[in-house]
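1. This is the structure alone, sequence omitted:
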RNA sequence: UGGGGCAUCGUCUAAUGGCAGGACAGCGGUCUUUGGAACCGCCGGUCGUGGUUCGAGUCCACGUGCCCCAGCCA
């Protein structure tokens, strides 16, 4: 009985941790936060990150704060903060009564910095930036202490206060955490906590001339916001050590809620094919005039997507499908497009427009005909809740009332590509002498056509056959009597290649001189503007109505440029088009060619290692284990000790495979004697290897004696055939369809049956016997 | 190069050591007054090599590949 529970974010490595935390009572409730820096506009990457932060909070009935991470006055602006907030609101997130700002906490943060100084955990450094970089060392060279590292608490305090008072220029001093200059983690080499920046802040003005660094502000603001689970992207993994260090020293002073300090967890970033999101590149596109502004519908900014006509529901749907993992990924653009179509399919009324008009004269149509044309196709009507269906103005009516009048007059426009002089095979539209159906308006036959000076077809003369005629295809149309001219902006992917940045990098390496960058892969056809017609009914609708122009795609009026007397429509997304794909070449996705991996090259063994290797093998240890043991004296020593109480060959695998990591890390809490006792039980057949494995893992975690655990839990291998047979009978009877599938050839199910039996016996059944019994029963 | 992170269909994502599943894309079909939608089917994957185990995507070892860290950016 798996009850379906709606979740915003499907279970993942973070929710697993949250489940555990909640079970252990570490936090009263889940609080997350979404902390954008107001130095640019939100894009799809922000949307996905915010989805994780807000979605997880919703799933746990918790809260998610929206916090402006505004600690760098030189790059941040109120305009960005406002836009970010508007975008988050647009997505529908709820962050409670107020937005949180790191800058609101500056006073408290400053106090915390002083506390650190008082504890001797932070100092004012006064070397130049270049000198500091030099002293930090490199990835393989430890850093060296600055001459100012051992200043007294008093001196540090005084200097820091003078920093705040504005007595120094930019760069003269910084406040640093005193952690570890030799740490292999570069982030721990005395990270900067505060720096001097004489620049007005968009919120605090000139009140401050020192500003906290990311690491310091993030951790302390999380604590002040009552955050429990601080989620961020993977590049901050190394920074977690600073976060934990700060919590260790500051939590008790800064806490605003009961429970454990917050912890940071990282997830992989998501990028999108055929686009770029880095601020620098976006800026280059906008300022270089390659797009028409930050909200150019080809951009991945939320402002752009909104202007394009994408609904927040579609973005959310997309984010949900993209999911979360601990790997950076580039998502197939089809996923976004699919989410947009899915969202719009049931909400966009169908109307008709013609992008590239071809004039058609219906030679025999004496009188215009009026048609009540439905806004919705049969399937949307059928699935509509309550049997009612919306009008463009939002009113819900009976399906037969959801229509608007259309007129068919003697001159109509059809799409140029719906007529072909020499049609390709499979063409279901109009051709000379052929017939096609005008949707809801009868069949026409093409009797004649004229061409212009260039030889292009410019007019068709057709006979209207009404319902008498037959036609394979149905096309859309707009008649002259009801046609309103409109501009259509047809957007396509901004780049010609799915990974413009990676491509640019590759080319860079090949011919450095050319300095190719991502701009070289701009799609020249990413925007096509055409002048066509749309049926006049749209003039009566709310201007923000999203339509499906039948057979063309989803459109809406450009919110900035469209006016009733000069309509401008943006194409939000095309319809799926299996026809053009079939007739053109499809974009071939190549399977990556897997290069045969080179044979593993092992470091050669020293003579001593070689000797040990051979000695272990001689005692019956397998080659793979012997190799590990030969190289790692600690494991070998452990094994030797255990071998005093049980056969060495039987112990080797356990030492290497199960205890190896713990022994190496020096956290092994199972004694060699303890292991030996367990292995003896196994050898005597008292327990099976499954029990041994489970018990050993538990003993390792709890520091217990494994054999004692076996006794305490009363674990024993179950080898009695009659009992096991009865058990299997029951299981097989329970899954008749699986039995049938097995007999039909799905032999992988053997494992399933064994697994069921093992589960029912808490791992105590003898799997070898089970397997033998099963094979016999199932073949019979 | 020291440290850290990661690796499952073309793409994204699942699988207490026990049926490698779903979604998108693609292909084929049914249906359709949208070459749309819906429905059905097909195609297709555990980075490599060894090992442990009755059984490995999962555990162990050794490789390979990609990403992050040497800002007073975040």
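-> Done, it's in. Keep in mind it's a predicted model, so treat the numbers as computed, not measured.

2. what comes up buried for stretch A:438-450?
-> A:438, A:439, A:440, A:441, A:442, A:443, A:444, A:445, A:446, A:449 (16 or more other C-beta atoms under 10 Å). For every residue, glycine as well, the C-beta is placed using N, CA and C.

3. Show the average pLDDT along stretch A:754-772.
-> When pLDDT is averaged over stretch A:754-772, the result is 88.

4. try stretch A:82-100
-> Taken as a whole, stretch A:82-100 carries a mean pLDDT of 97.

5. is it anywhere near RNA strand B?
-> No - Stretch A:82-100 is not in contact with RNA strand B by C-beta under 7 Å from any atom of the strand; minimum separation 12.3 Å.

6. Could you tell me which residues within that stretch count as buried?
-> The neighbour-count check on stretch A:82-100 (16+ other C-beta under 10 Å) flags A:83, A:84, A:85, A:87, A:88, A:90, A:91, A:93, A:95, A:100 as buried.

7. Touching, residue A:78 and residue A:201? I think so.
-> No - using C-beta atoms under 8 Å, residue A:78 is not in contact with residue A:201, being 10.0 Å away.

8. In terms of neighbours, single out the busier of the two.
-> More crowded of residue A:78 and residue A:201, by other C-beta atoms under 10 Å: residue A:201, with 21 against 13.

9. and the nearest residue to that one once chain neighbours are set aside, how many residues sit next to it?
-> Once flanking residues are discounted, residue A:201 sits nearest to residue A:73: 4.0 Å by C-beta to C-beta, 6 or more residues apart in numbering. Using other C-beta under 10 Å, residue A:73 has 21 neighbouring residues.

10. Distance from the strand or helix carrying residue A:729 to the middle of the chain?
-> In this structure, residue A:729 sits in helix A:721-734 according to DSSP states H and E. Centroid separation for helix A:721-734 versus its chain: 45 Å, with C-alpha atoms, centre = their mean, to the nearest Å.

11. cool, and stretch A:467-484?
-> With C-alpha atoms, centre = their mean, you get 44 Å for stretch A:467-484.

12. how about that stretch, does it reach RNA strand B?
-> Yes - judged by C-beta under 7 Å from any atom of the strand, stretch A:467-484 comes into contact with RNA strand B through A:467, A:473, A:474, A:475, A:476.

13. Pipe these into a markdown table and attach pLDDT, distance to residue A:751 and secondary structure per row.
-> Output for these, formatted as a markdown table (pLDDT from 0 to 100; distance: C-beta to C-beta, whole Å; DSSP: H, G, I helix; E, B strand; the rest coil):
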| residue | pLDDT | distance to residue A:751 | secondary structure |
| --- | --- | --- | --- |
| A:467 | 92 | 62 | coil |
| A:473 | 93 | 53 | coil |
| A:474 | 96 | 53 | strand |
| A:475 | 97 | 56 | strand |
| A:476 | 98 | 55 | coil |
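
14. which one of those residues is nearest RNA strand B?
-> Nearest to RNA strand B, judged by C-beta to the nearest atom of the strand, of those is residue A:474 at 4.2 Å.

15. my read: that closest one touches residue A:441, true?
-> No - if you go by C-beta under 8 Å, residue A:474 and residue A:441 don't touch, sitting 10.0 Å apart.

16. For the stretch 651-780 of chain A, which residues score under the pLDDT cut-off?
-> Scanning the stretch 651-780 of chain A for pLDDT under 70 picks out A:780.

17. what does it put close to RNA strand B?
-> Counting by C-beta under 7 Å from any atom of the strand, the stretch 651-780 of chain A comes close to RNA strand B at A:653, A:656-658, A:660-661, A:664, A:688-690, A:693, A:738, A:741, A:746, A:748-752, A:754-756, A:758-759, A:767-768, A:771.

18. Out of the residues you listed, list just those in helices.
-> Among those, the ones falling in helices (DSSP state H) are A:653, A:660-661, A:664, A:689-690, A:693, A:738, A:741, A:749-752, A:754-756, A:758-759, A:767-768, A:771.

19. which of those count as buried?
-> A:660, A:690, A:693, A:738, A:749, A:754, A:756, A:758, A:767.

20. what's the most distant pair in those?
-> With C-beta to C-beta as the measure, no two of these lie farther apart than A:660 and A:738, at 37.1 Å.

21. Chain neighbours aside, what residue packs nearest to residue A:694?
-> Closest residue to residue A:694 apart from its sequence neighbours, by C-beta to C-beta, 6+ apart: residue A:763 at 6.2 Å.

22. er, residue A:254 actually
-> Spatial nearest neighbour of residue A:254, excluding adjacent residues (C-beta to C-beta, 6+ apart): residue A:223 at 4.5 Å.

23. and the residue sitting furthest away from the middle of chain A, what does it touch?
-> Within chain A, the residue lying farthest from the chain centre (C-alpha atoms, centre = their mean) is residue A:366, at 59.1 Å. With contact set as C-beta atoms under 8 Å, 6 or more residues apart in numbering, residue A:366 has these partners: residue A:410.

24. you'd agree it is in a helix?
-> No - using DSSP: H, G, I helix; E, B strand; the rest coil, the assignment for residue A:366 is coil, not a helix.

25. how close does it sit to residue A:408?
-> According to C-beta to C-beta, to the nearest Å, residue A:366 and residue A:408 sit 12 Å apart.

26. Likewise for residue A:683?
-> Plainly put, residue A:683 is 90 Å away from residue A:408 if you go by C-beta to C-beta.

27. neighbour count winner among these two?
-> Shown here are residue A:683 and residue A:408; by other C-beta under 10 Å, residue A:408 has more neighbours (22 against 12).

28. Next, that one: phi, psi?
-> When read as degrees, to the nearest 10, the backbone of residue A:408 gives phi -100, psi 120.

29. Ok, residue A:316 next?
-> Per-residue torsions, residue A:316: phi -60, psi -40 (degrees, to the nearest 10).

30. Which pLDDT does the model give it?
-> Per-residue confidence at residue A:316 stands at 97 (pLDDT).

31. rewinding a little: for the buried residues of stretch A:438-450, which one is nearest residue A:197?
-> Set against residue A:197, the nearest of the buried residues of stretch A:438-450 by C-beta to C-beta is residue A:439 (63.8 Å).

32. Is it correct that that closest one is in contact with residue A:371?
-> No - if you go by C-beta under 8 Å, residue A:439 and residue A:371 don't touch, sitting 9.7 Å apart.
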